[in-house]
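1. A structural model of the following input is requested.
(one chain, ligands or ions: 1)
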Amino acid sequence: MLELGLSQKNVKFQNRSKVLKVLRKQPGISRKDISDQIGLTKAAISSITSEMIDEKIIVETGNQETGVVGRKKVLLELNKDFGYVLGLTISETFITVLITNLLGETVESYIHEFSSGDCCDKDEVIDLIVEKALYLLWMNGIDKQSVLGIGISYIGELGNVDIDYIKVQMAKKLRLKVVLSNNVKALAMLQVDFSIKETSENFLFVKYGPGLGMAIVESGTIIEGVDNKAGEIGHTIVDADANTTCRCGRTGCLEALISEKGIVEDIEKLGPNYSYLIINKNLSIIDYKSVNELLEMKDPTITSIFEKRYDLFAKSLANSIILFNPEYICVYGLIFSQPEIFEMINTKVKGYLGFNTTAFIKLSDLDPTSDAIGVAALVLRELFYDVGGFKEV
Ligand SMILES: [Zn+2]
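-> Okay, here's the model as predicted:
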């Protein structure tokens, strides 16, 4: 009897999960259309949706004409304020704390930039994060009871920052479930789950800036590898003779050769005429709009810096397409929204691949300025959508 009970419960979780995932991407959909899409009977959908209406997870939003006189379809959508999650990104130079609703929309965010050397007292960092998280919740009138969990993502290798210690302490101090992830993988899941335009579940997700990372997405989930390091495109060795030492300790890594940190160093060497291109040296923030203008005007100095570096980048992207056979590479990062820069990379990739492949490069439609939202989306996936909206499973 117990086993039967458990399996019935599992089926219920799965069915609710399917309904929630349809509503996540298609707000304002009727019961009949949900039923058609996920292959459950209309009676089953009616039962699931009325249960979730009672729980206030979903709401009826209006009617749609059916074409039959006197009959209208009632439309449903998620109650996006039913629950919230906290997202936290930690890097060696800054932390971001934010709150999102069930649709992965940012309610409020806070960024703290470390002045050099003050990021490594882990207990101070934890206290700062807890204080800011509670403040953001209070500011927005959000009861902690409605927070499903907190996601922590880290950028690259963290050196002295002990992420596991931070995870344990955050769980203890905030009394919330914690989901930990590399930020590129978390953003890839945000792309799958919350991008209205995303239709594929088999692609490579490449994030550029300040480092370079890739997530391999297959059937909507991440291929992790033995040590969770699959997809580290930034640490593929592309020029062993290069005079670079990467943060991973190897020589000639792609990331060390094309990272924004390296570009900032290149621009600095050009002297005061080009110094306006560096917005924030510590965070490696470059004025890409101005870079794009200089590329458009064929400024030879800037063009040569980017041509050289992005040729290596394009070769690695083309090789990744050859290795993993994805539908496409989805690129994420502020730099790609500049048309000259995107086209420079895109043209080179196409040139290396030739005509016997259908894969291509496309720009992510996600906001490229907010990393922490990726891990918030991962929390929503693991603690809400995958478990059918039940808080305790
Ligand atoms: Zn490396």
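2. For the stretch 151-300 of the chain, which residues are neighbours of the ion?
-> Contact residues (CB under 5 Å from the ion) of the stretch 151-300 of the chain with the ion: His235, Cys246, Cys248, Arg250, Cys253. Placement of C-beta: from N, CA and C, glycine included.
3. Of the residues you listed - the most surrounded one?
-> Cys253 (26 neighbours; other CB atoms under 10 Å).
4. What pLDDT does the model give the residue nearest to it when sequence neighbours are not counted?
-> Among residues not flanking Cys253 along the chain, Cys246 sits closest, at 3.8 Å (CB to CB, 6 or more residues apart in numbering). Here, the pLDDT recorded for Cys246 equals 85.
5. wait, Cys246 sits on Ala256?
-> Yes. Contact status for Cys246 versus Ala256: in contact at 4.1 Å, counting by CB atoms under 8 Å.
6. Who are the contact partners of Asn325?
-> Listed by CB atoms under 8 Å, 6 or more residues apart in numbering, the contact set of Asn325 reads Ala359.
7. Ramachandran angles for Glu105?
-> phi -90, psi 130 (degrees, to the nearest 10).
8. Could you list the low-confidence segments of the stretch 251-393 of the chain?
-> Within the stretch 251-393 of the chain, the stretches with pLDDT under 70 are 391-393.
9. What segments of the stretch 251-393 of the chain are strands?
-> For the stretch 251-393 of the chain, the strands defined by DSSP state E, counting those that start in this stretch occupy 278-280, 285-286, 328-332, 360-363.
10. Just say which of these is most tucked in.
-> Ranked by mean neighbour count, these are led by strand 328-332 with a mean of 23 (mean count of other CB atoms under 10 Å).
11. Now do the residue lying closest to Phe203 once chain neighbours are set aside against Val291, distance only.
-> In space, and not counting its chain neighbours, Phe203 is closest to Pro326: 4.7 Å by CB to CB, 6+ apart. According to CB to CB, to the nearest Å, Pro326 stands 28 Å off from Val291.
12. which one of the two has more residues nearby?
-> Taking neighbours as other CB under 10 Å, Pro326 and Val291 compare with Val291 leading, 23 against 19.
13. isn't there a helix covering Val97?
-> No. Read with DSSP: H, G, I helix; E, B strand; the rest coil, Val97 is strand and lies in no helix.
14. these two touch, right, it and Ile90?
-> No. Judged on CB under 8 Å, Val97 makes no contact with Ile90 at a distance of 9.8 Å.
15. The two: who's more crowded?
-> The residue with more neighbours, out of Val97 and Ile90, is Val97; 25 against 22, by other CB under 10 Å.
16. Contact partners for the more buried one?
-> Neighbouring residues of Val97 by CB under 8 Å, 6+ apart: Leu86, Gly87, Leu88, Ser109, Tyr110, His112, Ile129, Lys132, Ala133, Leu136, Ala372.
17. Quick check: closest non-adjacent residue to Leu88.
-> Excluding its sequence neighbours, the residue lying closest to Leu88 (CB to CB, 6+ apart) is Ile152, at 4.8 Å.
18. distance of that neighbour from the ion?
-> Distance from Ile152 to the ion, counting by CB to the ion, to the nearest Å: 23 Å.
19. For that residue, name its beta-bridge partners.
-> Beta-bridge partners recorded for Ile152 (DSSP bridges): Leu88, Leu180.
20. Please report how far it lies from Gly87.
-> 8 Å.
21. How about Gly234?
-> Distance of Gly234 to Gly87, given as CB to CB: 23 Å.
22. ok, the two, which is more surrounded?
-> Taking neighbours as other CB under 10 Å, Gly234 and Gly87 compare with Gly87 leading, 32 against 25.
23. ok, that one touching Val147?
-> No. Applying CB under 8 Å, one finds Gly87 not in contact with Val147, separated by 11.2 Å.
24. ok, how many other residues are close to Leu75?
-> As a burial measure, Leu75 scores 17 neighbours (other CB under 10 Å).
25. repeat for Ile53
-> Residue neighbour count, defined by other CB under 10 Å, stands at 14 for Ile53.
26. Tell me which residues of the helix or strand harbouring it come out buried.
-> Assigned by DSSP states H and E, Ile53 falls within helix 42-54. Neighbour-count burial for helix 42-54 flags Ile45, Ile48, Thr49, Met52 (criterion: 16 or more other CB atoms under 10 Å).
27. Quick one: those as JSON lines, columns for pLDDT and distance to Gly389 too.
-> Output for the buried residues of helix 42-54, formatted as JSON lines (pLDDT from 0 to 100; distance: CB to CB, whole Å):
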{"residue": "Ile45", "pLDDT": "94", "distance to Gly389": "15"}
{"residue": "Ile48", "pLDDT": "94", "distance to Gly389": "10"}
{"residue": "Thr49", "pLDDT": "95", "distance to Gly389": "11"}
{"residue": "Met52", "pLDDT": "95", "distance to Gly389": "7"}
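28. I'd like to know how many residues surround Val147.
-> 20.
29. On the strand side of things, show who the residue lying closest to it once chain neighbours are set aside bridges to.
-> Distances taken as CB to CB, 6+ apart place Tyr84 nearest to Val147, at 5.3 Å, with adjacent residues excluded. Beta-bridge pairing for Tyr84 (DSSP bridges): Asn101, Val147.
30. Quick check: can you list the domain ranges of this protein?
-> Dividing the chain into domains by automatic domain parsing, as the record does, gives the ranges 2-78, 84-187+371-385, 199-363.
31. quick one on the thing from earlier: quick one: residues contacting the residue nearest to Leu88.
-> Applying CB under 8 Å, 6+ apart, we find Ile152 in contact with Leu88, Thr89, Ile90, Ile163, Ile166, Lys167, Met170, Val178, Val179, Leu180, Ser181, Val375.
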